[in-house]
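1. Following is a predicted model, sequence given first.
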Amino acid sequence: MIIQEITAILIVSAVVSVDGTCAQKRATPPSLVSEAVQLFDVEVRQCFAQSIVVEVTDRAWQKAQLNLSHGGLGLRSVSHHSSAAYIASLYASGFGDAQNPHLSHTVDLFNKLVSPSEVISVDAVTTSPVHQRVLSKKLEDHQFSLLLEASSPADKAWLLSLGIDTARGSSCSLCPGLALDRLGNHATICKRGGDVVTRHYHLRNVIVEFCHRAHLGVRVESGSGITPDLSHTRPADVLVVNWERGKHAALDITVTFPLIPSILTAASLSEGAAAEEAEVRKHRANDPKCSELGWVCIPLAVETYGNWGREAQSTFSRLASHLAIITSSHKSKVLTELYCRLNFTLVRAVARALLARCAPSLGLQDIV
């Protein structure tokens, strides 16, 4: 994960929440400010695209506007939520009046944006407590449903795997008798079915590809059987030739789960604690063999949620520098591409593992 991009997204999200336009939508009928709030939404999208240095398609922007529980970034559309904000504001201020033409029009606008079962009436919003949080949830749930209906089977599986119940009372199809947890955590660490190995190889292949593009000599799965001692260890998933002061670098990829009991407390108190613990564990296992071979041991640890360890970040920064020189590109652009490729590969692997275990309960057997 790239801290600058994450910080930029948080800033954009904060601006969306506290900007004067948001205050305006609460105090002014949506019909009177529709053009202004639509323009604000366009500017937020442009700012977001510049922050992540990636072109944002219409569909990607729709996903980004979803709340966090639906797998989005919480960059709510001001125009989409203006009706909910105005209705709740009228009730809270005591100015809700069934004879108010603006209220009637706004309720009609709101009802067009929610499912038929969630429509509201003017009488209801003037006589019963109305909270924007409740109204906005109705809007977001319907928006998510529409996005889901228009999704391809694979995209639907991705959306379903984000923040909602993927178990629905079922058990792991590869671990008989073991109930799936609500957020699919078991699927990310289950070693049956080959998903862990496949995930490992795909991450390794991305790194190998970038090394080749940077004109670095590499070998894969190196170290086993080279020396009499420790012959069964293989410290290098990717061996980069002449990486540091004439020494080869043994890059060892490991994916760790931050919610296991032994690391949960530390992970909850310090960001990246699980990745750092994995780095220490890999050094303990591989340093003796690497010393024998004259190699530098570099663990590339990543948590299942996409947070890379410090040594991995340092290595990727150096790799991006090599590739930026070769391609005459900005290092930040190359580094962004590398992280995007790696984390997208990780996310796909997690989605694949989820599908393999809970597809029957989600009705998605056809795409497993």
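-> Thanks, I have the structure now.
2. can you list the weak-confidence ranges in the stretch 201-350 of the chain?
-> Of all residues in the stretch 201-350 of the chain, those with pLDDT under 70 make up the ranges 223-234.
3. And the helices in it?
-> Using DSSP state H, counting those that start in this stretch, the helices of the stretch 201-350 of the chain run over 261-269, 273-293, 310-327, 331-362.
4. just checking, what packs against the second one?
-> For helix 273-293, the contact count by 3 or more CB pairs under 8 Å, 6 or more residues apart in numbering; DSSP states H and E identifies strand 247-256, helix 261-269, strand 296-303, helix 310-327 as packing neighbours. Where C-beta positions appear, they are placed from N, C-alpha and C, glycine not excepted.
5. Tell me which other helices or strands the third one touches.
-> To tie it back to what came earlier, the one meant is strand 296-303. strand 236-244, strand 247-256, helix 273-293, helix 310-327.
6. Reformat the ones you listed as JSON lines; add distance to L342 and mean neighbour count.
-> Listed next are the helices and strands packed on strand 296-303 as JSON lines, based on distance: least, CB to CB, whole Å; neighbours: other CB atoms under 10 Å:
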{"stretch": "strand 236-244", "distance to L342": "13", "mean neighbour count": "20"}
{"stretch": "strand 247-256", "distance to L342": "10", "mean neighbour count": "22"}
{"stretch": "helix 273-293", "distance to L342": "13", "mean neighbour count": "19"}
{"stretch": "helix 310-327", "distance to L342": "8", "mean neighbour count": "17"}
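7. which stretch among those comes nearest R352?
-> Among these, the nearest to R352 by CB to CB is strand 247-256 (13.5 Å).
8. partners of the closest one, with directions?
-> strand 236-244 (antiparallel), strand 296-303 (parallel) (DSSP bridges).
9. what does the first one contact?
-> Residues outside strand 236-244 that contact it (CB atoms under 8 Å, 6 or more residues apart in numbering) are 200, 204, 207-208, 211, 216-223, 248-253, 295-296, 300.
10. Mind checking which of those residues are buried?
-> 204, 207-208, 211, 216, 218, 222-223, 248-253, 295-296, 300 (16 or more other CB atoms under 10 Å).
11. And the helices and strands packed on helix 273-293: which comes nearest S171?
-> Closest among these, using CB to CB: helix 261-269, at 21.4 Å.
12. Now do that closest one: which elements does it pack against?
-> Helix 261-269 packs on helix 273-293, going by 3+ CB pairs under 8 Å, 6+ apart.
13. Can you classify the residue of the chain most remote from its centre by secondary structure?
-> Largest separation from the mean C-alpha position in the chain: Q99, at 45.7 Å (CA atoms, centre = their mean). At Q99 the chain is in coil, as set by DSSP: H, G, I helix; E, B strand; the rest coil.
14. can you offset everything so residue one is 49?
-> New numbering, starting at 49: the last item is Q147.
15. T174 versus that one, what's the distance?
-> 10 Å (CB to CB, to the nearest Å).
16. Any chance of TSV for the helices and strands packed on strand 344-351, columns distance to L312?
-> TSV is the format used below for those (distance: least, CB to CB, whole Å):
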stretch	distance to L312
strand 284-292	27
strand 295-304	12
helix 321-341	9
helix 358-375	20
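17. Out of the ones you listed, the one nearest V395 is which?
-> Among these, if distance is taken as CB to CB, the winner is strand 295-304, at 12.0 Å.
18. re the thing from before, of all the helices of the stretch 249-398 of the chain, which lies closest to K239?
-> Across the helices of the stretch 249-398 of the chain, closest to K239 is helix 379-410 (CB to CB), at 10.4 Å.
19. residues of that closest one that come out buried?
-> Quick answer for helix 379-410 (16+ other CB under 10 Å): 382-387, 390-391, 393-395, 397-407, 409-410.
20. got the angle between it and strand 295-304?
-> Using axes from the mean of the first three to the mean of the last three CA atoms, to 10 degrees, the direction of helix 379-410 lies 30 degrees away from that of strand 295-304.
21. Check whether N355 really touches G320, as I assumed.
-> Yes. Taking contacts as CB atoms under 8 Å, N355 lies within contact range of G320: 5.4 Å.
22. what sits up against stretch 339-347?
-> Stretch 339-347 has contacts (CB under 8 Å, 6+ apart) with 271, 274-275, 277-278, 283-284, 287, 291-292, 295-300, 302, 326-327, 330-331, 334-335, 338, 357, 359-360, 363.
23. ends of that stretch, how far apart?
-> This stretch, stretch 339-347, spans 15 Å end to end (CA to CA, to the nearest Å).
24. go on, stretch 299-310?
-> 25 Å.
25. picking that back up, how about the strands paired with strand 295-304, which one is nearest R181?
-> strand 344-351 (30.6 Å).
26. could you give the angle of that closest one to helix 309-317?
-> Strand 344-351 runs at 80 degrees relative to helix 309-317, counting by the same axes, to 10 degrees.
27. and strand 344-351 with helix 321-341, angle?
-> With the same axes, to 10 degrees as the basis, strand 344-351 and helix 321-341 are set at 160 degrees to each other.
28. could you give the angle of strand 344-351 to helix 358-375?
-> Here strand 344-351 runs at an angle of 110 degrees relative to helix 358-375 (the same axes, to 10 degrees).
29. Could you check strand 344-351 and say which residues are buried?
-> Going by neighbour count (16+ other CB under 10 Å), the buried part of strand 344-351 is V344, C345, I346, P347, L348, A349, V350, E351.
30. So which of those residues is the closest to E103?
-> V350 (25.3 Å).
31. What number of residues are in the vicinity of the residue lying closest to that closest one once chain neighbours are set aside?
-> Closest residue to V350 apart from its sequence neighbours, by CB to CB, 6 or more residues apart in numbering: W356 at 4.8 Å. Residues contacting W356 under the criterion other CB atoms under 10 Å number 22.
32. State the distance from W356 to V162.
-> Taken as CB to CB, the span from W356 to V162 is 40 Å.
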